[in-house]
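Enquirer: structure of the sequence below:
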Amino acid sequence: MPRHHISRINSIAEGIYKAEAELMEMRSKLGEGHPRVEKIKSQIDTMTKNYSEMLAAYKNPRKLPAVKPESVYGGRNFDDWLRIAMTDKQPKTVAEAMKACGVLAETEQQRKQILVQLGSYLREHASIVLDGGDSETYMSGFVGALAGLPASDKVDFFANKIPDGSDAEMLWLSQAFSSGVFANAITGSQTAMQNELGDRAIELLKLFADRESCQWGACSAFQVLVRYVDSDSKEAQEIVSDLLLKLGTEARAGIFQRIPSVLVLDSVLEAVKKDLFSQGTSPRSRDQLVGGLDNVEFGPTGVIQPEPDFGIEIIEDLLVNQLTDSSPLEFENYAVMYVVDGREQQRGFGGGVAVKEEDKVTGVDVVTRRLLNTICVRILDEHSDKSGDAFAKKAAKIVQRIRSQEGFKDAIQRKSFALLSIEQDLKAIEAFAEGERSGGEGGGNQFSTFVNASFENRQHGGYDGGFGHGGGGFGGGVF
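Expert: Numbers count the residues shown, from 1 in each chain. All right, here's what the predicted structure looks like:
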């Protein structure tokens, strides 16, 4: 008998042995009749039948079924690589073995074996992502092994790990979502990931929401996954909003800054407003919360940006607070801006412009500038979509309220107020609401360079450079 036939018989026998051991374990945990127990029994029956046929054929070689040569990766077969993955201690070798297993897992039994190994691999190495060390090496093996599996196996794996996985493990799942295991990063198509997830995206979303605690790893995974659900789904809106409501302030801020506004119910905005105006909220969390009010996200259907009225009452109250309150709310990065030649420049990027420390502007007028950008860009969005100018009229009433505040006269005297063209854009809002669409430089609109640069960036699907979302992270918040 050819060697590969003998190897096949031995491999089936080994598979039966392992499956029977798993069956005993699952019976004790789940009980007879459980779907998972029945599935294992069915697999054992199939393997036993194959084993019997192969063994019988051994006695009569003429009846031996044709078996295609075993696939190899780097000269080793699946079993060789799996053994290396389970026993080798060198990070690079282990990661390569995991990738090889993902490539070579052709049968249901092999896929099952690699899924079991992935669970062990995750438990053993996930904490290294938080602790430093060989995180990228181990992560590459994790993603490589997952990427080669069918979508249903990948979703099953995530579904089994999400409920009880540690925060470090959840961070790995988050990175796996972002690294192409569902084809999105590899192909550049977010619809590819949505198609692979299908209706089960909601299932995974709910599993995250039902976790007893949600620290930054789980929050990170949740906010990546949420981009691939149907934004028109009422169930998805309820799941997202329910989770945001039961989170602590820091964790809620971390997720809110990256959740498409179409998934946020009014009850969440009420909680966000309370958080923003609470003296107990950190400046960093306040950055994230206000960033979420103007969040532009990329979902399966393309760019998702807020409707003009989204959170506008909160933005209005923040404007009044920053411009006229004697004790304005404190922000972190949101209150810092580098200004060169009448426009914001990002430090470290600058678009070819050298950004110096003396270009830095800080304080309440910077926050006001960013909030005004939000309003003005939404006016231009609405007008360019030819959906009317109703929001411009609403914005003009906000300007009237600001001008009526007692502290406004002091605000306009500040040097930064003029430097950031705040008065120019207040007037431009009023003019736009009255139907005056032009009159600026070069015959354009009357809005400042700050606004027009933000609008142009938004039109090209990018984030507005100063609307930083507070540096990311979740601050260890839990629910």
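Enquirer: buried stuff in stretch 146-164?
Expert: 146-149, 151, 153-155, 157-158, 161-162 (16 or more other CB atoms under 10 Å). Placement of C-beta: from N, CA and C, glycine included.
Enquirer: sitting in strands, which of those residues do you find?
Expert: With DSSP state E as the criterion, strands contain none of these.
Enquirer: from these, pick the one nearest Glu406.
Expert: Within these, the smallest distance to Glu406 is 52.4 Å, found for Ile162 (CB to CB).
Enquirer: and the closest one, how far from Gly75?
Expert: 37 Å (CB to CB, to the nearest Å).
Enquirer: then Met170?
Expert: 37 Å.
Enquirer: what's the helix or strand for the closest residue to Ala209 other than its chain neighbours?
Expert: Excluding the flanking residues, the one nearest Ala209 by CB to CB, 6 or more residues apart in numbering is Leu243, at 4.2 Å. Assigned by DSSP states H and E, Leu243 belongs to helix 234-246.
Enquirer: which other helices and strands does the next helix or strand after that helix contact?
Expert: Moving toward the C-terminus from helix 234-246, the next helix or strand (DSSP H and E) is helix 249-256. Helices and strands touching helix 249-256, by 3 or more CB pairs under 8 Å, 6 or more residues apart in numbering; DSSP states H and E, are helix 216-225, helix 234-246, helix 266-277, helix 283-292.
Enquirer: which stretch in those has the least confidence?
Expert: Lowest mean pLDDT within these: helix 216-225, a mean of 69.
Enquirer: where does the stretch 251-400 of the chain dip in pLDDT?
Expert: The stretch 251-400 of the chain contains residues with pLDDT under 70 at 296-305, 347-353, 385-388.
Enquirer: equivalent analysis for the stretch 1-150 of the chain, please.
Expert: Ranges of the stretch 1-150 of the chain meeting pLDDT under 70: 1-6, 58-68, 127-133.
Enquirer: show me where the stretch 51-200 of the chain has its helices.
Expert: 78-87, 91-104, 108-125, 127-131, 135-147, 151-161, 167-178, 184-187, 190-197, 200-209 (DSSP state H, counting those that start in this stretch).
Enquirer: reformat the ones you listed as TSV; add distance to His383.
Expert: Formatted as TSV, these follow (distance: least, CB to CB, whole Å):
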stretch	distance to His383
helix 78-87	58
helix 91-104	50
helix 108-125	50
helix 127-131	46
helix 135-147	44
helix 151-161	42
helix 167-178	35
helix 184-187	33
helix 190-197	28
helix 200-209	35
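Enquirer: out of those, the one nearest Arg258 is which?
Expert: Nearest of the helices of the stretch 51-200 of the chain (CB to CB): helix 167-178, 11.4 Å.
Enquirer: closest to Met47 out of the helices of the stretch 51-200 of the chain?
Expert: Nearest of these (CB to CB): helix 108-125, 7.1 Å.
Enquirer: contacts for the closest one, please.
Expert: Residues outside helix 108-125 that contact it (CB atoms under 8 Å, 6 or more residues apart in numbering): 15, 18-19, 43, 47, 78, 82, 85-86, 94, 98, 101-102, 104-105, 138, 141-142, 145-146, 149-150, 153, 156-157, 160-161, 165, 169, 172.
Enquirer: the same query, at a cut-off of 6 Å, please.
Expert: 15, 78, 85, 101, 105, 138, 145, 149, 153, 157, 169 (CB atoms under 6 Å, 6 or more residues apart in numbering).
Enquirer: longest single helix anywhere in this structure?
Expert: The longest helix of the chain (DSSP state H) is helix 3-30.
Enquirer: picking that back up, give me the more crowded residue out of Met170 and Gly75.
Expert: Neighbour tally, Met170 and Gly75, criterion other CB atoms under 10 Å: the higher count belongs to Met170, 25 against 6.
Enquirer: hmm, that one is touching Gln223, no?
Expert: No. Taking CB atoms under 6 Å as the definition, Met170 is not a contact partner of Gln223, at 11.5 Å.
Enquirer: all helices of the stretch 351-479 of the chain, in order?
Expert: 364-384, 390-404, 408-411, 415-419, 422-433, 449-459.
Enquirer: for Ser11, which of the ones you listed is the nearest?
Expert: helix 449-459 (57.1 Å).
Enquirer: and the helices of the stretch 351-479 of the chain: which comes nearest Tyr51?
Expert: Proximity to Tyr51 (CB to CB) singles out helix 449-459 among the helices of the stretch 351-479 of the chain, at 62.8 Å.
Enquirer: longest strand in the protein, please.
Expert: strand 336-340.
Enquirer: next structured bit after it?
Expert: In N-to-C order, the element after strand 336-340 by DSSP H and E is strand 343-345.
Enquirer: who does that next one pair up with?
Expert: strand 336-340 (antiparallel) (DSSP bridges).
Enquirer: buried residues in the partner strand?
Expert: 336-339.
Enquirer: and which of the buried residues of stretch 146-164 is nearest Lys356?
Expert: Of these, the one sitting nearest to Lys356 (CB to CB) turns out to be Ala147, at 44.9 Å.
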